[in-house]
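Asks: Let's see this in three dimensions:
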Amino acid sequence: MVTIYLFNQDVVFLKHAQTIVTNLDENRFVVKSFIDYQLLLESIDSTHNAYFIDIKFTDSVSSIISKAKQLREIDPSGKIVYFVPNEEFALSLLNAYVEPFSYFCKNQQISHELFENYLVETIETIFAAIKRSHEKDYLHFQDGQLKKRVERSKVMYVENFSREKKIKVVTTEESFFINTYLGAVREQFDKDTFFLDAQSLIINLTLLHEIQSSTSYVKFSNNTVLSLSPYLLKKLKKAAHILDEAL
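Replies: Residues are numbered from 1 along each chain as shown. Okay, the predicted model is just below:
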């Protein structure tokens with residue numbers, strides 16, 4: 001479950017923000033509030049969380065950037081929103097490569113109602129972004145009888161069985177058949193990490209452990225072996241070499 005972290009040294013404002021957040025659907029998240037930044041950092045025990053961090057007018061830019069980098073190191077995937085004194089602070093954070101999700105300039109004079117709307121809309125936008133990022137980490141396979149969601153990084157290869165009108169999905173943990181064809185699922189695979197140049201096969205290049213040209217087979221990181229034609233093996237070897245150079 002996602003945790004929403006609120007940091008503000010103004011206790012009254014912190015309680016006001018917490019009230020706004022907790023009035024939303026709490027089944028999607030838990031809320032933690034802090035007036036001590038170090039305690040906030042020490043309490044983080046997962047990633048892909050949301051953070052609303054207040055910056056005081058008296059804070060130095062160098063101090064804020066240092067704290068922002070600490071938070072980013074702990075949660076590389078976190079969605080961080082900064083409440084900054086002015087646009088100069090916002091620009092400094094953007095240039096510091098700490099990847100803020102958004103920022104709110106406190107020199108704007110807005111009503112409590114407009115601030116509440118901003119906070120609620122930002123949280124909904126964050127959850128939509130988190131959902132999209134999670135979906136990208138999974139591949140979906142389904143037919144009339146079976147529906148499977150598999151971590152992208154665990155799929156070793158997908159093989160087409162055209163006569164039986166099915167595909168075989170082989171992962172690092174299991175293998176299963178789905179009554180569909182390879183073309184129906186191919187668009188889910190990215191060409192940067194998967195070999196897509198074969199008509200009846202998709203191979204995860206990042207899980208390849210060995211390519212043996214003399215005996216025409218490849219071995220995956222868990223020692224699974226797959227036989228290939230010499231022609232396909234040659235193309236796969238080239239694709240794997242390109243990936244190695246990119247990494």
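
Asks: okay, CA-based contacts and neighbour counts for the rest of this
Replies: OK.

Asks: Now do the contacts for residue 203.
Replies: 156, 157, 158, 194, 195, 196 (CA atoms under 8 Å, 6 or more residues apart in numbering).

Asks: Out of those residues, which comes closest to residue 52?
Replies: Nearest to residue 52 out of the contacts of residue 203 is residue 194 (CA to CA; 37.0 Å).

Asks: That closest one contacts residue 204, correct?
Replies: Yes. With contacts counted by CA atoms under 8 Å, residue 194 reaches residue 204, the gap being 4.5 Å.

Asks: Would you mark the buried spots in stretch 41-55?
Replies: 41, 48, 49, 50, 51, 52, 53, 54, 55 (16 or more other CA atoms under 10 Å).

Asks: now do stretch 176-193
Replies: Neighbour counts over stretch 176-193 (16+ other CA under 10 Å) mark 177, 178, 179, 180, 181, 182, 189, 191, 193 as buried.

Asks: same check, this time on stretch 98-109
Replies: In stretch 98-109, counting by 16+ other CA under 10 Å, buried: 98, 99, 100, 101, 103, 104, 105, 106.

Asks: okay, residue 194 and residue 204: which has more neighbours?
Replies: residue 204 (24 against 21; other CA atoms under 10 Å).

Asks: Enumerate every residue touching the more buried one.
Replies: Applying CA under 8 Å, 6+ apart, the residues contacting residue 204 are 155, 156, 157, 193, 194, 195.

Asks: mind checking how far residue 18 is from residue 4?
Replies: 10 Å (CA to CA, to the nearest Å).

Asks: Give me the three-state assignment for residue 53.
Replies: strand (DSSP: H, G, I helix; E, B strand; the rest coil).

Asks: burial measure for the closest residue to residue 180 other than its chain neighbours, as a count.
Replies: Among residues not flanking residue 180 along the chain, residue 166 sits closest, at 4.8 Å (CA to CA, 6 or more residues apart in numbering). Using other CA under 10 Å, residue 166 is surrounded by 17 other residues.

Asks: What residues of the lengthiest helix in the chain count as buried?
Replies: In the chain, ranked by residue count with DSSP state H as the criterion, the top helix is helix 112-136. Buried positions in helix 112-136, judged by neighbour count with 16+ other CA under 10 Å: 116, 119, 120, 122, 123, 126, 127, 130.

Asks: tell me which of those residues is nearest to residue 92?
Replies: residue 122 (21.2 Å).

Asks: Run through the helices of this protein in chain order.
Replies: Using DSSP H, helices in the chain cover 11-22, 37-43, 61-74, 87-95, 112-136, 182-185, 230-246.

Asks: May I see these arranged in TSV, with mean pLDDT as well?
Replies: Shown next, in TSV, are the helices of the chain (pLDDT from 0 to 100):
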stretch	mean pLDDT
helix 11-22	90
helix 37-43	96
helix 61-74	92
helix 87-95	83
helix 112-136	85
helix 182-185	91
helix 230-246	73
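
Asks: now the angle from the longest helix of the chain to helix 11-22?
Replies: Angle, helix 112-136 to helix 11-22, by axes from the mean of the first three to the mean of the last three CA atoms, to 10 degrees: 50 degrees.

Asks: how much distance is there from helix 112-136 to the middle of the chain?
Replies: 16 Å (CA atoms, centre = their mean, to the nearest Å).

Asks: Also stretch 21-33?
Replies: 21 Å.

Asks: Make sure residue 47 is actually in contact with residue 78.
Replies: Yes. Between residue 47 and residue 78 there is a contact under CA under 8 Å: 6.2 Å.

Asks: hmm, back to that, from the buried residues of stretch 98-109, which is closest to residue 172?
Replies: The closest of the buried residues of stretch 98-109, once distances to residue 172 are taken by CA to CA, is residue 99, at 32.9 Å.
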